[in-house]
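1. curious how this folds, go ahead:
(2 chains)
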Amino acid sequence: MKRVYKRPEGLSKTIMRYCPGCGHSIVHRIIGETIDELGIREKTIAIAPVGCSVFLYEYFNCDSIQVAHGRAPAVSTGIKRVNPELIVFSYQGDGDLAAIGTAELIHSATRGENFTIIFINNAIYGMTGGQQAPTTMPGQKTTTNPYGRDPKLAGYPIRVSEMLATLDGPVYIERTAVNKAVNVLKTKKAIKKAFQLQVEKKGFSLIEVLAPCPTGWGISPLKACEYVDKVMIPYYPLGVYKDLTQVK
Amino acid sequence: MNPDIIKYKTGEKILLKGNEAFAEGTVRAGCRFFAGYPITPQNEIPEYLSWRLFEVGGTFIQAESEVSAINMIYGAASCGARALTSSSGPGISLKQEGISYIASAELPFLYANVMRGGPGLGNIAPCQSDYFQATRGGGHGDYRIIVLAPDSAYEMGNFPKLAYDTAEKYRNPCMILADGLIGQMMEPLEFNFDFVDVEKIPSKDYVVGNCKGREMRVINTLHMSTDILEKHNWDLYRKYEKIKAEFTLFEEKYTDDADIIIVAYGTAARISMAAIMKGREQGIKIGLLRPITLWPFPEKIISQLAQKVGKVLAVEMNTGQLVEDVQMAVNGKAEVYFYGRPGGNIPTGDEILGVAKDALKMKNVEPGKINVLNKL
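-> Numbering: from 1, shown residues only, chains lettered A, B, ... in the order given. Below is the predicted model:
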């Protein structure tokens, strides 16, 4: 019998401690598969953020660094400039990347640093208990928006992919989702392409992944997947926002 | 190594600003990665390195902030590079987050604080107001930084080799605590160490990258288990105790026959020497104890001298920081005096000689208490 599915070598054997219905484990697996398929495990460094995915260094079977909240793109810059042959990816949530780490994100992108950012947008701070994120939807209730996010008081959600696409530095920016199989497959394709571009030393890439957080949103996993479709995707349209490899 | 990159022969007499001497000294000591953000009075360091690192095949990055710069250092040090950042007080405050992480991860790197007046934005004049910040760790958590205090362009140029070797020996960050005068002053110096061939720096068994044939490595500062974090804290403590026992540097001058000892570092020590020489012409016997490492603090020698001499005067360009360490070292066994000029003002030799004379005249002073000699 032919084996068609197994744990990628890029992932460790540690059981992931994510909530049922969370998007993180799906994206972890996609990255693990990508590491295997490109044969880059021995030269890959994973950068773990602060947030629910802080224990990422236990889940990947490659060298890794756990860094301060929001600073992953700066740490990645230091690594790649010292050793350009390594493959570096940072894995960051919306608070880490689009609030406290905004400066590090924008400036590593505009410098065109040759690493890959996997940006998980689930519109909430999961690990600290469900507070407002920079990407929290208007009207969405969080533990710090008990009446729902009011843009007049708390501002509007940030569209990271659109914003970064205005810069000259990045080579590839795409927004995907992991709320249903077809989107998971598209996410795999996007992440693999981003890593491939890094291997080819093409420059900065970011894949924004819309991911469900049933626990933080206070709804069932199935409802959370629907929420991504009905509420998030209309505000955060999926698609390629920048792809210099397509420019002739 | 291409010999064209050496630039200066060992022992060759050159004329440089303190900041430039420091920058060249770091390259000479094997630094190939700098990230920093402009701030006066240290700008000659990044400006010099922006072309010098290019010459030697290194990397210079002007970061978007000090916060980002220190995290670039975290990445470079994680790969084993001799990494460097520099700043002045306000920028060092911003870097403390990253320094705390790097200290916990036990990665060696070098940074310089070319001090200016504080607090807040303060001013850009020479000052010694960041002594507490430097010698108590500076950021959050329970850690220490090895602190070297140069008093000349010569030491600015030559301390980087000592700093990197010591930082790597103990796997601990090391800082140079200078001030605007040491950084900006131009004076002759020579390098006392040969240009380091970075290819010959031994590889480190704790850095990340290229995990072929070994288990994966994690550089981490998160320890959710209280027992594991407590053990980590005690392990760091034991390391700091070892550094204290093995690496305490100071300079003693005219202490043999002194009636009073001045304790001062950096610019304050340079000017105190002028006071000491002038005093000697007048038959007034003042000695100098100059701490070169501010952490570890040379407490033993200060304790010994204090008991022998009976009067100790701390001179600083602040309102009294090092004097608290002097007071602890003296431990009630001698009279403790303090004279300080904060705000970016620099004391003159005559001023220091004057207060030393005042201290010599004072009688019935309670041992161990800090007697401030400024007329406030």
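2. up against chain A, what does chain B have?
-> Taking C-beta under 8 Å from any C-beta of the partner chain as the criterion, the neighbours of chain A within chain B are B:32-33, B:35, B:59, B:61, B:63-65, B:67-79, B:81, B:83, B:97-98, B:101, B:208-212, B:216-222. In short, each C-beta sits where N, CA and C put it, glycine included.
3. just the buried residues of those residues.
-> Buried members of these, scored by 16 or more other C-beta atoms under 10 Å in any protein chain shown, are B:32-33, B:35, B:59, B:61, B:63-65, B:67-79, B:81, B:83, B:97-98, B:101, B:208-211, B:216-221.
4. which members of these are positioned in helices?
-> In this view, these that belong to helices under DSSP state H are B:67-78, B:97-98, B:101.
5. of all these, which comes closest to residue B:226?
-> Of all those, residue B:226 sits closest to residue B:101, with 19.4 Å by C-beta to C-beta.
6. can you tell me which helix in chain A is longest?
-> Using DSSP H to define each element, chain A has its longest helix at helix A:181-199.
7. so what's the residue in the stretch 1-150 of chain B positioned nearest to chain A up against?
-> Among the residues of the stretch 1-150 of chain B, residue B:75 lies nearest to chain A; the distance is 2.5 Å by C-beta to the nearest C-beta. Listed by C-beta atoms under 8 Å, 6 or more residues apart in numbering or on different chains, the contact set of residue B:75 reads A:65, A:74-80, A:82.
8. pipe these into JSON lines and attach secondary structure and neighbour count per row.
-> Conversion of these to JSON lines gives the following (DSSP: H, G, I helix; E, B strand; the rest coil; neighbours: other C-beta atoms under 10 Å in any protein chain shown):
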{"residue": "A:65", "secondary structure": "strand", "neighbour count": "29"}
{"residue": "A:74", "secondary structure": "helix", "neighbour count": "34"}
{"residue": "A:75", "secondary structure": "helix", "neighbour count": "33"}
{"residue": "A:76", "secondary structure": "helix", "neighbour count": "29"}
{"residue": "A:77", "secondary structure": "helix", "neighbour count": "28"}
{"residue": "A:78", "secondary structure": "helix", "neighbour count": "31"}
{"residue": "A:79", "secondary structure": "helix", "neighbour count": "28"}
{"residue": "A:80", "secondary structure": "helix", "neighbour count": "25"}
{"residue": "A:82", "secondary structure": "helix", "neighbour count": "24"}
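9. so which of those residues are also by chain B?
-> Among the contacts of residue B:75, the ones lying close to chain B by the criterion of C-beta under 8 Å from any C-beta are A:65, A:74-80, A:82.
10. what is the nearest of those to chain B?
-> Out of the ones next to chain B among the contacts of residue B:75, the member with the shortest distance to chain B (by C-beta to the nearest C-beta) is residue A:78, at 2.5 Å.
11. what's the closest non-adjacent residue to that closest one?
-> On the basis of C-beta to C-beta, 6 or more residues apart in numbering or on different chains, the spatially nearest residue to residue A:78 that is not a chain neighbour turns out to be residue B:75, at 2.5 Å.
12. pLDDT weak spots in the stretch 1-150 of chain B?
-> With pLDDT under 70 as the threshold, the stretch 1-150 of chain B has no low-confidence stretch at all.
13. ok, which stretches of it are strands?
-> Ranges of strands within the stretch 1-150 of chain B are B:14-17, B:33-36, B:59-62, B:83-87, B:110-115, B:146-148, based on DSSP state E, counting those that start in this stretch.
14. please apply the same query to chain A.
-> Listed in chain order, the strands of chain A (DSSP state E) span A:44-48, A:63-66, A:87-93, A:116-121, A:172-177, A:205-210, A:239-243.
15. check contacts around residue A:78.
-> When contacts are counted by C-beta under 8 Å, 6+ apart, residue A:78 is found next to B:33, B:35, B:71-79, B:83.
16. kindly apply the preceding question to residue B:113 instead.
-> Under the criterion of C-beta under 8 Å, 6+ apart, the neighbours of residue B:113 are B:86-89, B:92, B:130, B:134, B:175-178.
17. how about those residues in JSON lines, adding neighbour count?
-> JSON lines is the format used below for the contacts of residue B:113 (neighbours: other C-beta atoms under 10 Å in any protein chain shown):
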{"residue": "B:86", "neighbour count": "32"}
{"residue": "B:87", "neighbour count": "24"}
{"residue": "B:88", "neighbour count": "29"}
{"residue": "B:89", "neighbour count": "21"}
{"residue": "B:92", "neighbour count": "28"}
{"residue": "B:130", "neighbour count": "25"}
{"residue": "B:134", "neighbour count": "21"}
{"residue": "B:175", "neighbour count": "27"}
{"residue": "B:176", "neighbour count": "27"}
{"residue": "B:177", "neighbour count": "26"}
{"residue": "B:178", "neighbour count": "32"}
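18. could you redo those residues as JSON lines and give each row distance to residue B:346?
-> Output for these, formatted as JSON lines (distance: C-beta to C-beta, whole Å):
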{"residue": "B:86", "distance to residue B:346": "22"}
{"residue": "B:87", "distance to residue B:346": "21"}
{"residue": "B:88", "distance to residue B:346": "16"}
{"residue": "B:89", "distance to residue B:346": "17"}
{"residue": "B:92", "distance to residue B:346": "21"}
{"residue": "B:130", "distance to residue B:346": "16"}
{"residue": "B:134", "distance to residue B:346": "19"}
{"residue": "B:175", "distance to residue B:346": "22"}
{"residue": "B:176", "distance to residue B:346": "20"}
{"residue": "B:177", "distance to residue B:346": "16"}
{"residue": "B:178", "distance to residue B:346": "14"}
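19. returning to that earlier point: got the angle for the longest helix of chain A vs strand A:116-121?
-> Using axes from the mean of the first three to the mean of the last three C-alpha atoms, to 10 degrees, one finds that helix A:181-199 and strand A:116-121 are set 150 degrees apart in direction.
20. run the chain-centre distance for helix A:181-199.
-> Going by C-alpha atoms, centre = their mean, to the nearest Å, the spacing between the C-alpha centre of helix A:181-199 and its chain's C-alpha centre is 12 Å.
21. how about stretch B:118-132?
-> Taking mean C-alpha positions (C-alpha atoms, centre = their mean), stretch B:118-132 and its chain are 15 Å apart.
22. ok, residues contacting it?
-> Contacts made with stretch B:118-132 from outside it, assessed by C-beta under 8 Å, 6+ apart, are listed as B:40-41, B:88-90, B:92, B:113, B:115-117, B:177, B:179-182, B:184, B:265-268, B:294, B:316-318, B:321-322, B:342-346.
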